[in-house]
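[1] Can you look at this prediction? I've put the sequence above it.
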Amino acid sequence: MNVRPARVGDHEAIAAFTRETWPDREMEDYLPRTFREWAADESETSHTLVAADDGQAVGVIQGVELSDRESWVQGLRVHPDYRDRGLARRLTDAVLTWARDRNTTVCRNLVFSWNVASLGLARSLGFEPCTEFRWAEVAADADADLDLSVVADPDAGWAFWTESDARHHLRGLTIDPGTAWTLSELRPEDLQRAADADGLFVVSEGGTRGMAFRNRVFETGDDPADRWTEYAVGAWADPAAARTLVDAVARDAARLDADRARLLVPETPRYVTDAAAARADVSGDPDFVLAADLTDSGVGV
């Protein structure tokens, strides 16, 4: 078996063993939908590899460069018949070597908290616990009332974020603006970009009390009703600010013809219960982010 760059022609083999990645869960693996795009991507900031046995792809992984110091690894899958042969480590080591060659100093990944096997694998490969979050889901509502004033002030939003409990818990991470389902360090220019796109919401009444910003609009299927807006983080100082941000998100989703919205919130009792009290649906399980220090020669080969 050898590890090599992915090819579009590997799609059928990859799709065949990833369609039932989580047979005991009512969720589909995204790889059958995204692998072709991954394999066809010739940019220098992504690196998709497969493990092949006699030319047949039996494992896959992707590395992504998110910033000049941050990389991300995702989509690690191994055919059931080829597990326990060290392929996961070989694929991960190859991506971490690529990430080091890109001069990034940290590589992170995301694992569902219920996926015990993947959590154990990530720890064995040198990834350490970083943070955890949940999604607060909000129905679009053009008539949602805002109890407090909301402005689009990047400087005020950044000042609030830097001193917030949310930033401390999330280690400064929010959903990356360029790559879905990845997290990177929030920067002031991200808030300016959101403000320019009418997607920044800063609660400003009696001082700055909260901040959220839109990351993207996406569709989950062919049905137009499956249109969502996504908000890279929600941070607030009190329940009233939480309610105002949830309502601002509901109004923004309606304005963009979305059916629902989702807002990343830190996995803490206060944030989760504040979101629930603000009438948001909160996902049943948190997601874990793990990180590998690429300046440590003990991680990867």
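    The structure has been received and is ready for your questions.
[2] How about the secondary structure of Asp296?
    On the three-state scheme (DSSP: H, G, I helix; E, B strand; the rest coil), Asp296 is labelled coil.
[3] Let's see the pLDDT reported for the nearest residue to it once chain neighbours are set aside.
    Spatial nearest neighbour of Asp296, excluding adjacent residues (CB to CB, 6 or more residues apart in numbering): Gly126 at 7.8 Å. All C-beta atoms are positioned from the backbone trio N, CA, C, and that covers glycine. Listed pLDDT for Gly126 reads 92.
[4] Show me what the longest helix along the chain is packed against.
    The residue-count maximum for a helix in the chain (DSSP state H) belongs to helix 239-255. In terms of contacts (3 or more CB pairs under 8 Å, 6 or more residues apart in numbering; DSSP states H and E), helix 239-255 is packed against strand 128-139, strand 150-151, strand 200-204, strand 208-219, strand 227-236, strand 260-266, helix 269-277.
[5] The nearest residue to Ala280 once chain neighbours are set aside: neighbouring residues, count only.
    In this structure, Ala280 finds its nearest non-sequential neighbour in Ala136, 4.0 Å apart by CB to CB, 6+ apart. Ala136: 28 surrounding residues under other CB atoms under 10 Å.
[6] same question, the one 4 residues further on
    Other residues lying near Ala140 total 21 when counted by other CB under 10 Å.
[7] go on, Asp93?
    Neighbours of Asp93 using other CB under 10 Å come to 17.
[8] Just the buried positions in the one helix or strand it maps to, please.
    Using DSSP states H and E, Asp93 falls within helix 87-101. By 16 or more other CB atoms under 10 Å, the buried positions in helix 87-101 come out as Leu87, Ala88, Arg90, Leu91, Thr92, Asp93, Ala94, Val95, Leu96, Trp98, Ala99, Arg100.
[9] ditto for stretch 17-25
    Phe17, Thr18, Thr21.
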